[in-house]
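Colleague: Here is my input; please provide its structure:
(one chain, ligands or ions: 2)
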Amino acid sequence: MSTEIILKDLIKKFGDHTVIQDLSATIQRGEFFTLLGSSGCGKTTLLRMIAGFNSVESGTISFNGRIINDMQPNERNIGMVFQNYAIFPHMNAFDNVAYGLKQRKIAKNEIKQRVMEALEVVKIADLAERMPTNMSGGQQQRVALARALVIKPDVLLMDEPLSNLDAKLRIEMRSAIRGLQQEFGITTVYVTHDQEETLAVSDRIAVMKNGEIQQIGTPEEVFRTPSNLFVANFIGKANAFQGEIEEISGNGMRIRIADGTSVFASVQNDHASTGQQVTVTARPNAIMFAKDSGIDAVIRSAHFLGMTYQYTVETMQGITAEVQSDAAYGTLCSVGSKVKLELNENRINVFDTEERAFAKVGSGNA
Ligand SMILES: Nc1ncnc2c1ncn2[C@@H]1O[C@H](COP(=O)(O)OP(=O)(O)O)[C@@H](O)[C@H]1O
Ligand SMILES: [Mg+2]
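Modeller: Numbering: from 1, shown residues only. Ligands and ions are numbered 1, 2, ... in the order given. The predicted structure follows:
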């Protein structure tokens, strides 16, 4: 049975500096749960708290209902993988992977069998005798992964495991990690600052800022219905337009954009009032060039990227926006062309002056 992790009201301080502020989350059994946030927001600190390397100033961490705050790291049965691999340079791949099993005083025959199995799982069985200095970054990270998996951990913790690899290898390894995690069903907490990687591998994502979780949701939820402007900007590009609520109706609100055009947003409006200032965001592929009416803008850069056309436009109000459209048909519009921007009303998000989202009608996302 895999492990459910409950983090409750966690606080972590280094001296007077509070790094984790009253953080709560439930990580489900077998889930691939990612902590996403920019450098310094507290991801590693939180991961080390779960591992038992950091003290907990307040709150509780529990595994399957049992509070583990005072349990030693080596009693938690956790597999860890780090950015810098942290494999032993003076041991070959086999001995690196065997290390944890030897410490647990497991019989020699069983060690041999389990290490070879683990090396096979990460597809480097043929490198068992090889020393780390003669391995590529990707191969070393596979050793680190095998070493984490071989102890049959209840929980797998990974701290930016792919950041030292080149782009191609990162994509290959993230697929491998996700595949293994699903095969074994291990509850996994994964740390990264790479939003694309997060979307690609996670069951759920916690977006962090300054030691606080801003939103927890599936990749689609976090991308499509960000709970605040920070999340909207952090995951993917969000073009922002200032507006004012012009009219409130039963199923949403009409918003006048600063340049005089308007959009209808299907959002909950019980806290809204006419005249209220709001921010409307649209992803680059939720903006189209319209024929007759729309936000007046000029194309400042134009690129054909094979699958898509990619434009930077500037509105008369001086707002810069990115527009992306399907490039299966048509031709590239030229720099300097005047265009009218139409926002796809089904795909806009609306935020109040405190940068909190108005919940979309029907999305069930508060
Ligand atoms: N051992 C420590 N002593 C003092 N401050 C620390 C320590 N570890 C981390 N911090 C501080 O905690 C904050 C969060 O760091 P960290 O968890 O490493 O962020 P992230 O992994 O998200 O980049 C940073 O301001 C960092 O300087
Ligand atoms: Mg870190």
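Colleague: Now do residue 336 against ligand 1, distance only.
Modeller: 42 Å (CB to the nearest ligand atom, to the nearest Å). For glycine as for every other residue, the C-beta is placed from the backbone atoms N, C-alpha and C.
Colleague: ok, whichever residue of the stretch 151-300 of the chain sits closest to ligand 1 - contacts?
Modeller: Distances between the stretch 151-300 of the chain and ligand 1 by CB to the nearest ligand atom are smallest at residue 191, namely 6.5 Å. By CB atoms under 8 Å, 6 or more residues apart in numbering, residue 191 lies in contact with 34-35, 43-44, 47, 157-160.
Colleague: Buried residues, stretch 25-32. List them.
Modeller: 25, 27, 30-32 (16 or more other CB atoms under 10 Å).
Colleague: Relative to ligand 1, which of those is nearest.
Modeller: residue 25 (15.3 Å).
Colleague: The closest one touches residue 31, doesn't it?
Modeller: No. The pair residue 25 / residue 31 is not scored as a contact, 10.8 Å apart, by CB atoms under 8 Å.
Colleague: got the residues of this protein near ligand 1?
Modeller: 14, 19, 37, 39-45 (CB under 6 Å from any ligand atom).
Colleague: rerun that using 5 Å as the cut-off
Modeller: 14, 19, 39-45 (CB under 5 Å from any ligand atom).
Colleague: Can you check those residues and name whichever has the most neighbours?
Modeller: residue 43 (25 neighbours; other CB atoms under 10 Å).
Colleague: Would you agree that residue is in contact with residue 157?
Modeller: No. Under the criterion of CB under 8 Å, residue 43 makes no contact with residue 157, lying 10.9 Å away.
Colleague: Count the residues that sit near residue 17.
Modeller: 8.
Colleague: Who is it paired with across the strands?
Modeller: Applying DSSP bridges to residue 17 gives these bridge partners: residue 14.
Colleague: Could you chop this structure up by domain?
Modeller: 5-230, 237-351 (automatic domain parsing).
Colleague: and the helix or strand where residue 340 lies, which strands flank it?
Modeller: Using DSSP states H and E, residue 340 maps to strand 338-343. Strand 338-343 has the following sheet partners, assigned by DSSP bridges: strand 287-290 (antiparallel), strand 295-304 (antiparallel).
Colleague: Would you reformat those strands as CSV and include mean pLDDT?
Modeller: Shown next, in CSV, are these (pLDDT from 0 to 100):
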stretch, mean pLDDT
strand 287-290, 95
strand 295-304, 97
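Colleague: From the contact counts, what lies against the longest helix belonging to the chain?
Modeller: For the chain, the longest helix by residue count, based on DSSP state H, is helix 167-184. When contacts are defined as 3 or more CB pairs under 8 Å, 6 or more residues apart in numbering; DSSP states H and E, helix 167-184 packs onto strand 32-36, helix 137-150, helix 195-201.
Colleague: Next, count neighbours for residue 308.
Modeller: If we define neighbours as other CB under 10 Å, then residue 308 has 16 of them.
Colleague: If you could redo that for residue 111, that was the one I meant.
Modeller: By other CB under 10 Å, 20 other residues sit near residue 111.
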